[in-house]
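> give me coordinates for this.
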Amino acid sequence: MDGAVAGFNVGNTSILQAAKFGLLSGLAFDTVDLDALALHNLVEHDASISRQDWALGDNLHFNETLFSVMVNINPDSDFYTPETAAQVQKMRLDDSIARNPSVTNTDKEFQLRSRESSLYLSIFGNTSTGVAPKKFVNIFFREERLPIEEGWKRSEILITPDTMNDMEDFIVANSNWTQSQACEPLVIGPDSVI
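Presented below is the predicted three-dimensional model:
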């Protein structure tokens with residue numbers, strides 16, 4: 001939680017749920033095991049913009065082929081926007097539905113994908129408009145590092161649900177999402193499902 005504020009200026013309320021689920025994914029009580037985040041249907045979800053669906057292979061490591069959907073969106077612009085985020089979200093879900101007979105597509109995953117999109121746009125771009133330089137976002141996903149050398153600076157505005165809500169609402173409204181199943185059992189740990 002402290003790292004999210006120090007590194008990204010993302011307030012605790014923006015990532016509290018993800019942090020709690022991150023702790024549930026492993027067996028340690030006070031540490032998030034990044035490899036354990038691959039536990040399907042906890043924080044990890046199908047139709048990711050950068051990871052393979054669990055049922056189709058490696059859902060932990062970056063996948064350039066899947067990420068190219070995002071990279072190739074809006075080729076005449078150097079920026080990602082809430083509109084492109086919504087388009088990519090729809091395209092990735094359509095691909096997952098077409099290739100993954102076990103795809104999980106509930107409201108939970110949709111809301112998680114939409115929040116993630118508003119979060120990366122806020123962290124690497126304008127916290128009000130969601131316009132984010134592609135180079136910053138691409139470096140973060142591809143190289144798993146902050147693009148400080150390339151000129152990115154941490155937002156001076158604390159990123160909270162309030163700063164992301166309008167952007168997230170736009171993404172939700174423009175993703176053309178349709179729920180294809182009810183919520184599955186809730187995964188609450190590596191050995192626990194309710």
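
> how far away is the residue nearest the centre of the chain from A85?
Against the mean C-alpha coordinate of the chain, by CA atoms, centre = their mean, the closest residue is E116 at 3.3 Å. Distance, E116 to A85, using CB to CB, to the nearest Å: 9 Å. (Glycine included, C-beta is placed from N, CA and C.)

> equivalent analysis for L60, please.
From L60 to A85 the distance is 23 Å (CB to CB).

> more crowded one of those two?
Of the pair L60 and A85, A85 is the one with more neighbours under other CB atoms under 10 Å, namely 29 against 16.

> these two touch, right, the more buried one and S117?
Yes. Assessed by CB atoms under 8 Å, A85 is found in contact with S117 at 4.0 Å.

> overlap of the contact sets of the two?
Taking CB atoms under 8 Å, 6 or more residues apart in numbering as the contact rule, A85 and S117 both touch I171.

> the bottom helix or strand of this structure by mean pLDDT?
Within the chain, no helix or strand scores below strand 187-189, which has a mean of 66 by mean pLDDT, DSSP states H and E.

> so who does the residue lying closest to S122 once chain neighbours are set aside touch?
Ranked by CB to CB, 6 or more residues apart in numbering and with sequence neighbours excluded, the top spatial neighbour of S122 is I159, at 4.8 Å. The contact partners of I159, by CB under 8 Å, 6+ apart, come to F8, N9, V10, G11, S14, L119, S122, I123, T127.

> buried ones in stretch 146-155, by neighbour count?
For stretch 146-155, burial by neighbour count (16 or more other CB atoms under 10 Å) applies to L146, P147, W152, S155.

> wait, I meant stretch 70-79
Using 16+ other CB under 10 Å as the test for burial, stretch 70-79 gives M70, V71, I73, N74, F79.

> among the contacts of I159, find the lowest-pLDDT one for me.
Of all those, S14 carries the smallest pLDDT score, 83.
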